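[1] Turn this into a model:
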Amino acid sequence: MSRSTALRYYILSRLLLAPLMIWTITTLVFLLMRATPGDPVDALLGPRAPESAKQEFRSQLGLDAPLWLQYLRYMGSLLHLNLGTSLASQGQTVGQIIQQHFPATVELTVGGMLVAAIVGITVGSLAASRPNTAMDAGGRLFGILTYAVPMYWFGMILQLIFAVQLRWFPIGTRFPLSATPPQGPTGLYVVDSLFQSNWAQCFTALHYLALPSLTLGILISGIFERMVRVNLKQTLRADYVEAARARGIPEIRIVAVHALKNALIPVVTILGLTFASLLGGAVLTEVTFSWPGLANRLLEAISQRDYPVVQGLMVFFAGIVAIVSILIDILNAYIDPRIRY
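    Numbering: from 1, shown residues only. Down below sits the predicted model:
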């Protein structure tokens, strides 16, 4: 079987397994939300509401039906691409919530990943190119610290220093409440302001985005630093690198052009999976900075026991992870011809 044929079969199998993964996650979330203590009706009406009002409201929401019937109704809605309607925000669908909050999460994730990639790859390359030196030890220490430091603590420290004391950055939202945010098709303030060539709005959006992105990016960069440092050290010992040195090629060109390209192959996988996980899991950063993203909205829905919103958002996140995983496998296959499926 040729490599291209094997790759097509592998992609097809992954595409067929993706719905199974999403169904499994949906079922687990459905059962776990109903197994945990608490009643969404009490959360919405309050514990002192009359029992008759609670029963009537529970009947309107369909929560008085048997568990199996609730599950079948929900799965039927999913088959029709209906993610549900919020219990807490009457009339607001999960699709509208995604449309409203997801651009903020995308903007924060992209900003954080850019910082993480630049810092992580730079520090890892410098540490690997100078083995057994203070630079190498500093790179290892950087990777350990960024992995061990709690996200919320680091975010609060940066806010106290750069926002409260130095007043370099604002905190608490994506755009000043007194100003009109950029209007556009994407919902990404930086992108929409660039489309309109409104440089003042673009600078303001970047100003508000900078501190959360730095917080998220610096802590994630340790993952890429360790991957780059370990793989680049191994690559610099390869025969073709020694041959390049024997031909008199400058060391910086060997590292940047020849060795780093091969060392980044496993980093692509980590980069993609980290990006996918951040799209649905940057909760601590969004909560710490009061960033109006989808992860923050998910946490709010969990506290309100808003079943449809939690289930719908988890399905959405699972779909993102499945799609990104397939794209990473395809990209790796084209980057590294040694991969066989």
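
[2] which strands and helices sit next to the helix or strand containing residue 23?
    Using DSSP states H and E, residue 23 sits within helix 3-35. Applying 3 or more CB pairs under 8 Å, 6 or more residues apart in numbering; DSSP states H and E, one finds that helix 3-35 contacts helix 67-79, helix 307-335. Placement of C-beta: from N, CA and C, glycine included.

[3] how far does the shortest one sit from the chain's center?
    For helix 67-79, the gap between its own C-alpha mean and the chain's C-alpha mean amounts to 28 Å (CA atoms, centre = their mean, to the nearest Å).

[4] what stretches of this structure score poorly on pLDDT?
    Low-confidence segments of the chain (pLDDT under 70): 1-4, 6-7, 257-258, 277, 280-282, 332-341.

[5] what residue is smack in the middle of it?
    The centroid of the chain falls nearest to residue 278 when counting by CA atoms, centre = their mean (1.5 Å).

[6] Wait, that residue touches residue 113, no?
    Yes: counting by CB atoms under 8 Å, residue 278 touches residue 113, with 7.1 Å between them.

[7] Residues that sit against both of those two, list them.
    The contact sets of residue 278 and residue 113 overlap at residue 220 (CB atoms under 8 Å, 6 or more residues apart in numbering).

[8] Helix or strand: which one has residue 81?
    Using DSSP H and E, no helix or strand contains residue 81.

[9] make that residue 113, sorry
    Assigned by DSSP H and E, residue 113 belongs to helix 94-129.

[10] Quick check: which helices or strands does that helix pack against?
    Applying 3+ CB pairs under 8 Å, 6+ apart, we find helix 94-129 packed against helix 134-148, helix 189-195, helix 199-235, helix 260-263, helix 265-281, helix 283-288, helix 294-303, helix 307-335.

[11] Out of those helices, flag the one nearest residue 121.
    Of all those, helix 199-235 sits nearest to residue 121, with 5.4 Å by CB to CB.

[12] For residue 122, grab the count of nearby residues.
    Residues contacting residue 122 under the criterion other CB atoms under 10 Å number 14.

[13] Contact partners for it?
    By CB under 8 Å, 6+ apart, no residues touch residue 122.

[14] and it, how far is that from residue 228?
    Distance, residue 122 to residue 228, using CB to CB, to the nearest Å: 9 Å.

[15] next one: residue 265
    Taking CB to CB, one finds residue 265 at 11 Å from residue 228.
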